[in-house]
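> Show me the folded form of this:
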Amino acid sequence: METNKQIRRRLVELFNSQNLAALSTHHDGQPYASLVAFYADDDLKHIYFVTPKTTRKYANLTADNRVAVMVNSSTNQASDYHQAISVTAVGKAKDVAGADKKPILTQYLAKHPHLEDFVRSPTCALVRVVVDSYYMVKHFQHVMELHLEP
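Okay, the predicted model is just below:
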């Protein structure tokens with residue numbers, strides 16, 4: 001059994017190695033999934049992404065801020081069943097504004113420099129997911145949980 005420290009290390013490694021995540025929102029009970037370019041704080045308390053304010057995902061998370069974010073290391077090979085790691089973060093999403101926005105965007109753009117024009121668009125929102133829990137699956141069936149303190 002892995003310790004919380006080991007799970008945290010694996011999460012940071014995974015998040016640093018991957019650029020895209022699947023975001024799950026919902027509207028009136030109907031789930032909706034989207035790909036987003038993400039950045040996660042090293043302390044694992046927050047995951048960030050940028051989205052146009054005109055998207056379905058933005059409307060959904062504005063109506064109900066409960067979201068799930070899934071990141072995985074799969075490569076679409078048979079070996080993924082035993083080697084890939086998949087992590088689902090569960091939390092609440094909210095726009096980032098004011099003085100908090102600039103340093104976060106700097107970190108986000110360090111990971112995704114090719115998205116600068118997109119990120120700087122006035123029609124886009126920087127969204128912070130405050131993570132409550134992580135669920136990490138490895139070896140296809142071994143599930144570990146990490147619950148963050150508020």
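> in the helix ranked longest in the chain, what's buried?
For the chain, the longest helix by residue count, based on DSSP state H, is helix 4-17. Along helix 4-17, these residues count as buried under the neighbour rule (16 or more other Cβ atoms under 10 Å): 7, 8, 10, 11, 14, 15. The way it works is simple: take the backbone N, C-alpha and C, and place the C-beta from them, glycine included.
> For the next helix or strand after it, what is the distance to the chain centroid?
Next in sequence after helix 4-17, counting helices and strands by DSSP states H and E, comes strand 20-27. The chain centroid and the centroid of strand 20-27 are separated by 9 Å under Cα atoms, centre = their mean, to the nearest Å.
> Which neighbouring elements make contact with strand 20-27?
Packing partners of strand 20-27 (3 or more Cβ pairs under 8 Å, 6 or more residues apart in numbering; DSSP states H and E): strand 30-40, strand 46-52, helix 56-63, strand 66-72.
> For it, buried residues please.
Under the neighbour-count criterion of 16+ other Cβ under 10 Å, strand 20-27 has 21, 22, 23, 24, 25, 26 buried.
> And stretch 70-89, by the same measure?
70, 71, 72, 73, 84, 85, 86, 87, 88, 89.
> Check stretch 59-70 too.
Result for stretch 59-70 [16+ other Cβ under 10 Å]: buried residues 60, 61, 65, 67, 68, 69, 70.
> What lies in contact with it?
Contacts with stretch 59-70, where a contact means Cβ atoms under 8 Å, 6 or more residues apart in numbering, come from 21-27, 32, 36, 38, 47, 86-94, 127, 129.
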